[in-house]
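Student: Next one to model:
(chains A, B, C and D)
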There are 2 protein chains.
Amino acid sequence: MTEDESISRADRRRRTENAILAAARRQFGELGYERTSIRAVAAEAGIDPALVMQLFGTKERLFSLAAASGVDLESLTGAAAADLAEAAAAHLFTDFEDPERRGGASALLRSCLTHPAAGAVLRDQVMGPTQAAVAATIGGNDSELRAAVLNACTLGVTIARYLLQDPVLAGADRADIERILQPALRTIVDSEQR
Amino acid sequence: MTEDESISRADRRRRTENAILAAARRQFGELGYERTSIRAVAAEAGIDPALVMQLFGTKERLFSLAAASGVDLESLTGAAAADLAEAAAAHLFTDFEDPERRGGASALLRSCLTHPAAGAVLRDQVMGPTQAAVAATIGGNDSELRAAVLNACTLGVTIARYLLQDPVLAGADRADIERILQPALRTIVDSEQR
DNA sequence: ACATTCGGTCAACGCATGTAGAGTGAAGAG
DNA sequence: CTCTTCACTCTACATGCGTTGACCGAATGT
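Tutor: Sure, this is the predicted structure:
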């Protein structure tokens, strides 16, 4: 079945490392940190549990590496104020629509409420910088708070659609959701009060 | 220290049941289902772990009872379309600002991404009915989807403020957040397209 | 005054988990 | 051809968990 002809040691190592990371992303993303066991990840990757420890040291480290290829920050910092609502609405979708990235992003989001480290990463290294960039772009009164609310809304939609699998949101077209969410976000961006 | 004068058996039982439930709500709400142990709950309630099993049968049942006094559904079904944005913005806050309810609501929300039963309850028994009621109120094109997006936004703000403890949102005044979120929600409510 | 109910404790079981250390066999270096 | 390296496996340990059943002592009913 599997072609294993002419494989150097370095290649073989990278290959199993990737198999482990793929299985880890899938399971962390689907079950969360606690319900994912090293043993199950190893089984899905087709290797011994002890090898996971040898290659990644600890479950915590495996998780942080699996969740690392997570959320894309750049797409927001580059957007001008005029396009910010569109960019933000599209922002988190990209990480989840692409099957390649979906695993890492799920892993981080899935556990962000129950695993302290995941929550800290999401808060301090994803939402924090994003909010700062958005706040700088939109400016005006309460720019920081408005940026935070804006981000929280896209977070909520993402969670409801991809993780909670709300029937309505999960079944809807991405474009339809964007069409509804976008004007609401624009309201926040443009709300210079007084 | 503790006054234990003239306590009937029935009273004593209700008292310890409540102590257990209070401790359970606190820990489930703060740590999530998996990281909360029967032993720790019993310790906080000042009784033996076995008594928890005897009174509640199973950890799952204790959780569902602790999370039961959860989210308030009525406040939305009664609102007219005109006040819906205000009502929705205030909706989830009430469950979390009140120290009495906060525990149960946290318990449910904290574990909704990692504990299947919690996710199912939130999806099918909280968000589902709420969205149906909101959709019926706002009417128009895509009313179901618009209601779902609206709910997802308040969900996101609640999660970011109370569970993730985003520094900006957690530190802000409830009224300020409402003032920013409300117009955005109204945009969703009023977006009769074409 | 006795028997009973019942809130509560104690000690223990079985299990799954993360992790450690010794060992193996083939790929690579000299 | 030989020695070393290293990806990989096997076995096992320690721990914490949910859960169980036997037991105790005080409040209750008769």
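
Student: residue closest to the middle of chain A?
Tutor: Closest residue to the average C-alpha location of chain A: A:A105 at 2.2 Å, with CA atoms, centre = their mean.

Student: Spell out which residues make up each domain of chain A.
Tutor: Chain A breaks down into these structural domains: A:3-58, A:70-193 (assignment by automatic domain parsing).

Student: among those, where is the model least confident on average?
Tutor: Between the domains of chain A, the one with the least mean pLDDT is domain A:70-193; it has a mean of 88.

Student: is DNA strand C contacted by it?
Tutor: No. Interface with DNA strand C: domain A:70-193 contributes nothing (CB under 7 Å from any atom of the strand), its closest point being 12.0 Å away. The C-beta positions use only the backbone N, C-alpha and C, and glycine is treated the same way.

Student: quick one: that domain near DNA strand D?
Tutor: No. With CB under 7 Å from any atom of the strand as the threshold, domain A:70-193 lies outside contact range of DNA strand D, at a closest distance of 13.8 Å.

Student: hang on, the earlier thing: what about the residue nearest to the centre of chain A, helix or strand, and which?
Tutor: If you go by DSSP states H and E, A:A105 is part of helix A:99-110.

Student: buried residues in that helix?
Tutor: By neighbour count on 16 or more other CB atoms under 10 Å in any protein chain shown, the buried set for helix A:99-110 is A:R101, A:R102, A:G103, A:G104, A:A105, A:S106, A:A107, A:L108, A:L109, A:R110.

Student: Any part of the next helix or strand after it near chain B?
Tutor: Read in the C-terminal direction, the helix or strand following helix A:99-110 is helix A:116-121, with elements assigned using DSSP H and E. Yes. For a cut-off given as CB under 8 Å from any CB of the partner chain, helix A:116-121 has contacts with chain B, namely A:G119.

Student: what sits up against helix A:116-121?
Tutor: A:Y33, A:E60, A:F63, A:S64, A:A67, A:L108, A:S111, A:C112, A:L113, B:L164 (CB atoms under 8 Å, 6 or more residues apart in numbering or on different chains).

Student: Would you point out the most distant pair within those?
Tutor: Taking CB to CB, the two most distant members of the contacts of helix A:116-121 are A:E60 and B:L164; they sit 19.5 Å apart.

Student: Name the nearest residue to A:L108, ignoring sequence neighbours.
Tutor: Nearest non-adjacent residue to A:L108, counting by CB to CB, 6 or more residues apart in numbering or on different chains: A:A67, 4.1 Å away.

Student: Remind me what the helix or strand harbouring that neighbour packs against, helices and strands.
Tutor: Taking DSSP H and E as the criterion, A:A67 maps to helix A:59-68. Using 3 or more CB pairs under 8 Å, 6 or more residues apart in numbering or on different chains; DSSP states H and E as the contact criterion, the elements in contact with helix A:59-68 are helix A:9-31, helix A:38-45, helix A:49-56, helix A:99-110, helix A:116-121.

Student: Now the shortest one: buried residues?
Tutor: Under the neighbour-count criterion of 16+ other CB under 10 Å, helix A:116-121 has A:A118, A:G119, A:V121 buried.

Student: For the first one, which non-adjacent residue is closest in space?
Tutor: In this structure, A:A118 finds its nearest non-sequential neighbour in A:S111, 4.1 Å apart by CB to CB, 6+ apart.

Student: Tell me who's in contact with the one you found.
Tutor: Contact partners of A:S111, counting by CB under 8 Å, 6+ apart, are A:F28, A:G32, A:Y33, A:E34, A:F63, A:A67, A:A118, A:G119, B:L113, B:T114.

Student: about what we covered before: can you tell me how far the residue nearest to the centre of chain A is from DNA strand D?
Tutor: Using CB to the nearest atom of the strand, to the nearest Å, one obtains 26 Å as the distance from A:A105 to DNA strand D.

Student: Could you do A:E34 as well?
Tutor: In this view, A:E34 and DNA strand D are 10 Å apart by CB to the nearest atom of the strand.

Student: so that residue, which of the three states?
Tutor: State at A:E34, reduced to three classes by DSSP: H, G, I helix; E, B strand; the rest coil: coil.

Student: what packs against the helix or strand harbouring A:V134?
Tutor: Counting by DSSP H and E, the element that carries A:V134 is helix A:128-138. Judged by 3+ CB pairs under 8 Å, 6+ apart, the packing partners of helix A:128-138 are helix A:74-77, helix A:84-97, helix A:143-158.

Student: Tabulate the CA atom coordinates of the longest one in CSV.
Tutor: By that I understand helix A:143-158. What follows is helix A:143-158, C-alpha atoms only, in CSV (Å, rounded to 0.1, in the frame of the first residue of the first chain):
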residue,chain,number,x,y,z
SER,A,143,-11.1,52.8,18.8
GLU,A,144,-9.7,50.0,21.0
LEU,A,145,-13.1,49.0,22.4
ARG,A,146,-14.7,49.1,19.0
ALA,A,147,-11.9,47.0,17.6
ALA,A,148,-12.4,44.5,20.4
VAL,A,149,-16.1,44.2,19.8
LEU,A,150,-15.6,43.8,16.1
ASN,A,151,-13.1,41.0,16.6
ALA,A,152,-15.4,39.4,19.2
CYS,A,153,-18.2,39.3,16.6
THR,A,154,-16.1,37.5,14.0
LEU,A,155,-14.9,35.2,16.7
GLY,A,156,-18.4,34.4,17.7
VAL,A,157,-19.5,33.7,14.1
THR,A,158,-16.5,31.5,13.5
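
Student: Can it be said to contact chain B?
Tutor: Yes. With CB under 8 Å from any CB as the criterion, chain B is reached by helix A:143-158 at A:144-149, A:151-157.
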